[in-house]
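S.K.: Provided below are the primary sequence and the corresponding predicted coordinates.
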Amino acid sequence: MGQAYVIEIAETGGVDVLRRKARDPRPPGPGEALVRQTAIGLNFIDTYHRTGLYPVKMPFVPGSEGAGIVDAIGEGVTGLRPGDRVAYLGAGTYATHYTGAAASMVRLPDGISEATAAATLLKGLTAWMLLFEVRRILPGDTALVWAPVGGVGSLLVPWAASMGARVIAVTSTPEKAEEARALGASETLLSGTDVAAGVRELTGGVGVDVSYDSVGRASAQASLDSLRPRGWWVSYGNASGAVEPIAPGLLAAKGSLVLTRPTLFSFLGEDGGMARGTAALFGALRTGAIEARIGQRFGLDDVAAAHTAIESGTTRGATLILP
Ligand code: NDP
């Protein structure tokens, strides 16, 4: 690797606001570790920071997760040593190096590569949150899963299926529908069609127990119309834009529905969430219930192209950014 650098944004906008800046790594302070990054996971949230959908303080280095080799540790760090392989969630990972709290870094077990960790940590913990913490999925449940072959979706579909759920996947093209079936979906619907009508037909008029909806604005109505009475609309993303507000009375009228809008960070901070989530995630990877599906790789210098790709809906599985 050559000179140390970060990718920074000074203003919100299109992909051209992502700019390379030379920056020496920050030495680790007490309780911190400095990591030479070898793989960075691209997440849709990085585009929300860039466009301003989720406001951040400028200038801002995007990037929400990474993995690499510990280069140096600060005073008082006992759990990590230089040379250890680690992964972490953290702000500002679009960079050759990352300095952060050692306690927030997960040492990678044998058999889990840095690429696998960067491809699955944030997205796999999101799938864990959806299936285990928000609402426990049960054998026999029927789940509608939107964007089933994307970063989160390609982990959510097989994991839900491995737990005995019937997965109905909604995606944009017949090719992606075929991939969703290969991942474990029982049935598929195309998002350009009347999804709620398709769901009714597939479920004998009943509807699904839960809709895992990451598409947002464009899928909200279909999610609501696809649920059985007391079903759960788990709205966890905005790939097509933010969902319009809805009146609580609508949930009553449709049969005591539950609407929740979970965000991963509320599930990690308390009650050992991070330890529980990573144990479940690495366990599922090791048993083969799920696998890292790295669909594309981009150089850190070329991160603008990675944003263009994920925003155009053409990516499959996880996207890695390589410093
Ligand atoms: P994905 O790889 O799933 O990419 C987005 C996918 O959304 C596309 O491939 C496409 O799939 C679908 N899509 C539908 N409409 C659009 C549109 N207008 N523009 C772009 N894509 C569209 O991304 P990630 O796995 O990184 O993230 C998935 C979602 O999960 C995001 O909305 C993200 O914000 C959310 N998320 C939420 C978290 C939380 O804590 N709540 C944590 C992590 C992620 P298709 O062609 O199949 O429709």
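M.R.: Now that the structure is in, tell me what you want to look at. Numbers count the residues shown, from 1 in each chain.
S.K.: Just list the residues touching the residue in the stretch 51-200 of the chain positioned nearest to the ligand, thanks.
M.R.: Nearest residue of the stretch 51-200 of the chain to the ligand, counting by Cβ to the nearest ligand atom: G150, 2.1 Å away. Every residue, glycine included, has its C-beta placed from N, CA and C. By Cβ atoms under 8 Å, 6 or more residues apart in numbering, the contact list for G150 reads S214, T315, R316, G317.
S.K.: what do you get if the cut-off is 6 Å, keeping everything else the same?
M.R.: Residues near G150 by Cβ atoms under 6 Å, 6 or more residues apart in numbering: none.
S.K.: Please report how far it lies from S256.
M.R.: Noted for G150: a distance of 30 Å to S256, by Cβ to Cβ, to the nearest Å.
S.K.: R276 too?
M.R.: According to Cβ to Cβ, R276 and S256 sit 30 Å apart.
S.K.: So for the two, which residue has more residues nearby?
M.R.: R276 (16 against 10; other Cβ atoms under 10 Å).
S.K.: In the one helix or strand that one maps to, which residues are buried?
M.R.: Using DSSP states H and E, R276 sits within helix 273-287. Within helix 273-287, the residues that count as buried by 16 or more other Cβ atoms under 10 Å are G273, M274, R276, G277, T278, A280, L281, F282, A284, L285.
S.K.: Tell me where this structure is predicted with low confidence.
M.R.: 1 (pLDDT under 70).
S.K.: repeat that with 80
M.R.: For the chain, applying pLDDT under 80 flags the ranges 1-2, 270.
S.K.: any idea where the helices of it begin and end?
M.R.: Ranges of helices within the chain are 44-51, 114-128, 153-162, 174-183, 195-202, 220-226, 248-253, 265-268, 273-287, 303-311, based on DSSP state H.
S.K.: Next, format the ones you listed as JSON lines and append distance to the ligand.
M.R.: Shown next, in JSON lines, are those (distance: least, Cβ to the nearest ligand atom, whole Å):
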{"stretch": "helix 44-51", "distance to the ligand": "4"}
{"stretch": "helix 114-128", "distance to the ligand": "4"}
{"stretch": "helix 153-162", "distance to the ligand": "5"}
{"stretch": "helix 174-183", "distance to the ligand": "5"}
{"stretch": "helix 195-202", "distance to the ligand": "11"}
{"stretch": "helix 220-226", "distance to the ligand": "12"}
{"stretch": "helix 248-253", "distance to the ligand": "20"}
{"stretch": "helix 265-268", "distance to the ligand": "7"}
{"stretch": "helix 273-287", "distance to the ligand": "12"}
{"stretch": "helix 303-311", "distance to the ligand": "5"}
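S.K.: Stretch 288-296 close to the ligand?
M.R.: No - Stretch 288-296 stays clear of the ligand (Cβ under 6 Å from any ligand atom), getting no nearer than 8.3 Å.
S.K.: and the residue nearest to M163 when sequence neighbours are not counted, what does it touch?
M.R.: Closest residue to M163 apart from its sequence neighbours, by Cβ to Cβ, 6 or more residues apart in numbering: I137 at 5.2 Å. Going by Cβ under 6 Å, 6+ apart, I137 touches L131, A160, M163, A165.
S.K.: what do you get for D213?
M.R.: Applying Cβ under 6 Å, 6+ apart to D213 gives the contacts W146, S219, S223, S235.
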